[in-house]
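K.L.:
Give me a 3D structure for the following:
(4 chains)
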Number of protein chains: 2
Amino acid sequence: MTAGRRVTIKDVAAAAGVSLTTVSDSLTGKGRIPDETRARVKQVADELGYRPNALAQQLRGPGLGLIGFLIAPAAEATMTTVWFWNTLMNHATEAALGRQHALVLLPYDAELLRSRRLPVDGAIVVDPKRGDEVTEVLRATGMPIITVGRDLDHPSEPWVDDDYVNGASELLDRAVAAGEHVAMITLAPTKSYIHDSIVGAQQWAERTGSRVSLHTVSAFSAEQLDPALDAILDADPADAILALNDRLATALLRRLRARGVNVPGEVRLVCVCDSPELGQSRPTITAARQHPEDVGRIAVSAIIDAIAGRDIAESTLVPMDVMPRTSAPALSAPTKRRPKR
Amino acid sequence: MTAGRRVTIKDVAAAAGVSLTTVSDSLTGKGRIPDETRARVKQVADELGYRPNALAQQLRGPGLGLIGFLIAPAAEATMTTVWFWNTLMNHATEAALGRQHALVLLPYDAELLRSRRLPVDGAIVVDPKRGDEVTEVLRATGMPIITVGRDLDHPSEPWVDDDYVNGASELLDRAVAAGEHVAMITLAPTKSYIHDSIVGAQQWAERTGSRVSLHTVSAFSAEQLDPALDAILDADPADAILALNDRLATALLRRLRARGVNVPGEVRLVCVCDSPELGQSRPTITAARQHPEDVGRIAVSAIIDAIAGRDIAESTLVPMDVMPRTSAPALSAPTKRRPKR
DNA sequence: TTGGCGTGAAGAATCGATTCTTCAGTCTGT
DNA sequence: ACAGACTGAAGAATCGATTCTTCACGCCAA
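P.N.:
Next up is the predicted model:
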C-alpha cells in the first residue's frame, strides 16, 4: 500500500496463485476464465492497488508513438492566443490519440532539453520565435520536427500555419474599397504570423493601388498602449484601420469611441486575427478567422508521417475565412479580384 | 525512405550485417566498438532513417511513467490565465521529466476520453469546473487523479492550489486599513479560486470588523464590462476596490481614470491574482502573487506518488505573496494580526 | 475401456531497445 | 610455444503486458 515500487502483473499473479496469462485475461475480460476466478483475481489486484503500466501496455499491439509538444511563451497575450492554443491543443491531442500517438509536453527551455534524453519520437513546436534556440536543440537530436508558424530564420523547416498573407489580403478586399488609405497597427514581426499579415496587407495595397501605412507598437501593457495609439490616430488619419490582433483591435475601438469617432461611419476597423471577443464588442469587429483545429490536425498528421519515415510536405497553408461584422461591413461592390497563386 | 513501417534496430542490424548489440552500442557510444565499425553502423542507420522507438527505449531502465494532463478551457481569458498556465505547464513538465515521467496531453472532452483506452498511468486536471464530467470519466477508469484547484462538487478529490483564502485576506491586511469599506468585483464562482478569494475577503472583513460588498460581473467582453463597472462604481462608493483578476483590475483602473478618480489617493485598488501586466500599468497594481511553479511541481510529485501506490496528502495549499505596488501601498501601521490556522 | 472433445489455465513468443555475460580469436610476454 | 590478457562482437536476459499456442484433466459416448 505504502510500498515504493510499483505493483506489476507478476505481483498480482503471485498473490493470487495464478499465471500471468490468467491475470491479464481476467482483468481485460478476455480468454476462458470462470467468473469465480475472474472475480478473485480482480479482488487481489484491487487489494494490491495494481494498475497496468501504460508504457508496457502500448509496446505490443500497434504501439504508441510519442510526439513532443512545445509552445513558445508569448510576451503579449491576447484572447486570440488563449483561444488559439486551447483549440490547437485539443484538436492536435485528439488527432494524435486517434492515430495511436500521444502528445508529450516538453518544457520550452533549451538548457533543459539539451541536458536530457527526450522520450519522444518527434516534435511539434508552436509559435517559434526568430532563430529559436529551442528548435535548434531539438533539431540537433535528429528527430523530425514541424513548427506551427515558421521560424523566420529557418524557413526550410517543415511548417503549418494559417494563411495570413491571403487572409489579410482578402480581409481588406472584403472590407476596404480600393484606393483608400489604411493604417495598420502591428507588433514587431518576431513571429511569422505578424510578418505574413504585414505582407498580405502590402500585397493588397499594391494590387489595388491603395496605401497602407505601418505602425509598430509594443502591446505589453494597456496603460502604455493607449497613449501610443492616440499618437498614431493623431498623426495618421486613415479611411480604415487594420489591427493585428484582438488586443490591439479592442484597444483601438476604445480609443476611437473616447475620441467620439463613429465606427464604421467615419473609420472602418478590421482585425487580422479573429477571437471570440471580437464577436462580442460593440460594434462587433470584422476579422479573418484562423483554423487552429485544422492546423493542429495537419501538424500531427505531418509529424506522424515524418516519424514513420514518409516524406512530408515542406509547408501547408490553411485558408482563413473573412468574418464580416459591424465595424467594417462587407463591401457591396467587390474590388478587383485577386489573382490566384 | 517512403516506407510505411517504421525502421527498427533489427533492420539496421540486418543491413549492416552485425548484431543488435553492435548497433545499439555503436549508436549510443557504449561498448567496445572500433571507430570504423561504429561509423559504418551509423551511416547505415542514417541511410535507413532509423530512429529509436522512444517507448521501447524507456521500457527498460527506470521506466517512463505517463501522466495525463488536462486544462479546462477558460470562458474568460486574462493575462493571468496565460501566464499561469504557461508557467504551470513548464514547471510541471520539467518536474515530471526529472522524475522519469512525461506529461501526456489529453483532450478536455468527456466523450472522447470515454471512447478510448487512455495511454496514461494517472492524470492532472487543471481548473476543473463545478461537477466536471471530464474528471468523472477519468475517475471511472480507476486511475489516480489530482486537480489543480478543487472541483467544487467533489471536495474530497486530492488537489493542489494557491492559498487564495489567506492570499486575499493578507492582501487586504497589507493594503486596506481595518474598518474601511471594500467593494469586491468578482466573477461567478464556478471555479474554486474565485470561491476562495471571496471567502478570504469575507474572513478579513469579519476579523477586522470591516465591510466587503460583493459585485459579480461577467467579463467576457471589454465593451460590455465597462458600463457594468461604471454602474457598480456609481452605486457603491468604497474606500478600496478588490478585483478578482488582472482583467477586472485593469478595466477598473481605466474606468477610475476616466472618471478622474485618483488612485490610490481617493480609492485604493488591489487585485487578488497577480500577473505581469499589473506590474506595468500606471499606477502599478498591488496584488497577491500565485506560484504556478510550485503548484505544478507539487501536483506532479503527488500524482507520481499516487501512481507508485504511496499515500498522498488530500490537499496542498501554496502560500501566496503580497506584492505591494503603487495602486495600494503597504500600510505603515499593520492592522490586527490574523490568527494562525 | 478408450478416443475425442471441451474446459481451464499455464507456457512461451512478442513488441524494441538496452545491457550483462559469454566467447572466439589474436596478441604478448616469458 | 603456450598461458593469460585483451579485443571485438554476438548471445541472452530484461522491462511489463498481451496474445497465440499448448496441454492436462475430466467427462461422455461408442
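K.L.:
gap between the closest residue to DNA strand D within the stretch 201-341 of chain A and DNA strand C?
P.N.:
Proximity of the stretch 201-341 of chain A to DNA strand D (C-beta to the nearest atom of the strand) peaks at A:Ile307, 19.9 Å away. Quick note: C-beta positions are derived from backbone N, CA and C, even for glycine. Going from A:Ile307 to DNA strand C by C-beta to the nearest atom of the strand, to the nearest Å gives 11 Å.
K.L.:
Would you agree that residue is in contact with A:Gly122?
P.N.:
Yes: look at A:Ile307 against A:Gly122 with C-beta atoms under 8 Å: they come within range, at 4.6 Å.
K.L.:
Return every residue with contacts to both of these two.
P.N.:
Counting by C-beta atoms under 8 Å, 6 or more residues apart in numbering or on different chains, the residues touching both A:Ile307 and A:Gly122 are A:Gly65, A:Ile67, A:Pro144.
K.L.:
Out of these, grab the one that's most surrounded.
P.N.:
Highest neighbour count within those: A:Ile67, with 29 neighbours (other C-beta atoms under 10 Å in any protein chain shown).
K.L.:
Give the bridge partners for that one, please.
P.N.:
For A:Ile67, the beta-bridge partners under DSSP bridges are A:Leu103, A:Gly122.
K.L.:
separation between it and B:Met184?
P.N.:
The gap separating A:Ile67 from B:Met184 is 44 Å, by C-beta to C-beta, to the nearest Å.
K.L.:
for A:Ala74, same thing?
P.N.:
Taking C-beta to C-beta, one finds A:Ala74 at 30 Å from B:Met184.
K.L.:
Between these two, which has more neighbouring residues?
P.N.:
More crowded of A:Ala74 and B:Met184, by other C-beta under 10 Å: B:Met184, with 27 against 19.
K.L.:
can you pull out the helices in chain A?
P.N.:
A:9-16, A:20-28, A:35-48, A:54-59, A:79-98, A:110-115, A:133-140, A:164-175, A:192-208, A:222-235, A:246-258, A:292-307 (DSSP state H).
K.L.:
With only the CA atoms kept, save the fourth one in CSV.
P.N.:
Okay, so that is helix A:54-59. Output in CSV follows, covering the C-alpha atoms of helix A:54-59 (Å, rounded to 0.1, in the frame of the first residue of the first chain):
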residue,chain,number,x,y,z
ALA,A,54,0.7,2.3,-19.7
LEU,A,55,4.0,2.1,-21.4
ALA,A,56,4.3,-1.7,-21.5
GLN,A,57,0.6,-2.0,-22.4
GLN,A,58,1.2,0.1,-25.5
LEU,A,59,4.5,-1.5,-26.5
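K.L.:
Okay, now the unreliable bits of the stretch 201-341 of chain A?
P.N.:
Applying pLDDT under 70 to the stretch 201-341 of chain A flags the ranges A:333-341.
K.L.:
Just give me the neighbour total for the closest residue to DNA strand C within chain A.
P.N.:
Proximity of chain A to DNA strand C (C-beta to the nearest atom of the strand) peaks at A:Ser19, 3.1 Å away. Using other C-beta under 10 Å, the number of residues around A:Ser19 comes to 10.
K.L.:
The one 10 residues further on too?
P.N.:
Burial of A:Gly29 is recorded as 8 neighbouring residues (other C-beta under 10 Å).
K.L.:
if I pick A:Ala188, what's in contact with it?
P.N.:
A:Ile194, A:Thr216, A:Ser218.
K.L.:
A:Phe84 too?
P.N.:
Counted by C-beta under 8 Å, 6+ apart, A:Phe84 has contacts A:Cys273, A:Ser275, A:Gln290, A:Pro292.
K.L.:
returning to that earlier point: name the member of the contacts of A:Ala188 with the most neighbours.
P.N.:
In terms of neighbours by other C-beta under 10 Å, the contacts of A:Ala188 top out with A:Ile194 at 21 neighbours.
K.L.:
nearest spatial neighbour of that one, skipping sequence neighbours?
P.N.:
Spatial nearest neighbour of A:Ile194, chain neighbours left out: A:Leu187 (5.6 Å); criterion: C-beta to C-beta, 6 or more residues apart in numbering or on different chains.
K.L.:
Tally up the residues packed near the one you found, please.
P.N.:
21.
K.L.:
per-residue pLDDT, it?
P.N.:
Looking at A:Leu187, its pLDDT reads 94.
K.L.:
Name the nearest residue to A:Thr21, sequence neighbours excluded.
P.N.:
Once flanking residues are discounted, A:Thr21 sits nearest to A:Gly31: 7.3 Å by C-beta to C-beta, 6+ apart.
K.L.:
sorry, that was for A:Gly167
P.N.:
A:Gly167 sits nearest to A:Met320 (C-beta to C-beta, 6+ apart), 3.3 Å away.
K.L.:
mind listing what the one you found touches?
P.N.:
By C-beta under 8 Å, 6+ apart, the residues touching A:Met320 are A:Asp162, A:Asp163, A:Tyr164, A:Asn166, A:Gly167, A:Glu170, A:Leu171, A:Ala288, A:Arg289, A:Gln290, A:His291.
K.L.:
again, but for A:Gln224
P.N.:
A:Ser218, B:Gln280, B:Arg282.
K.L.:
looking at it, the first one is touching A:Leu187, isn't it?
P.N.:
Meaning A:Ser218. Yes: counting by C-beta under 8 Å, A:Ser218 does reach A:Leu187; the two are 7.0 Å apart.
K.L.:
shared neighbours, these two?
P.N.:
Contacts common to A:Ser218 and A:Leu187, judged by C-beta under 8 Å, 6+ apart, are A:Glu76.
K.L.:
Count the neighbours of the closest residue to A:Gly142 other than its chain neighbours for me.
P.N.:
Of all residues not flanking A:Gly142 in the chain, B:Arg51 sits nearest, at 7.0 Å (C-beta to C-beta, 6+ apart). Neighbourhood size, B:Arg51 [other C-beta under 10 Å]: 19.
K.L.:
same check, this time on the one 3 residues further on
P.N.:
Using other C-beta under 10 Å, the number of residues around B:Ala54 comes to 25.
K.L.:
Would you check how far apart the nearest residue to A:Ala205 once chain neighbours are set aside and A:Met184 are?
P.N.:
In space, and not counting its chain neighbours, A:Ala205 is closest to A:Val212: 4.4 Å by C-beta to C-beta, 6+ apart. Plainly put, A:Val212 is 5 Å away from A:Met184 if you go by C-beta to C-beta.
K.L.:
ditto for A:Val217
P.N.:
From A:Val217 to A:Met184 the distance is 11 Å (C-beta to C-beta).
K.L.:
now do A:Thr141
P.N.:
39 Å.
K.L.:
same thing with A:Met143?
P.N.:
38 Å.
K.L.:
Run through the residues of chain A sitting next to DNA strand C.
P.N.:
Taking C-beta under 7 Å from any atom of the strand as the contact definition, chain A meets DNA strand C at A:17-22, A:31-34, A:37, A:59-60, A:63.
K.L.:
how many neighbours does the nearest residue to A:Arg130 once chain neighbours are set aside have?
P.N.:
Among residues not flanking A:Arg130 along the chain, A:Leu152 sits closest, at 4.9 Å (C-beta to C-beta, 6+ apart). A:Leu152 is flanked by 18 other residues according to other C-beta under 10 Å.
K.L.:
Off-centre distance for stretch A:244-252?
P.N.:
19 Å (C-alpha atoms, centre = their mean, to the nearest Å).
K.L.:
what does stretch A:32-50 give?
P.N.:
45 Å.
K.L.:
re earlier: just send the contacts of A:Ala188 back as TSV, with distance to A:Asn90 too.
P.N.:
TSV is the format used below for these (distance: C-beta to C-beta, whole Å):
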residue	distance to A:Asn90
A:Ile194	24
A:Thr216	32
A:Ser218	30
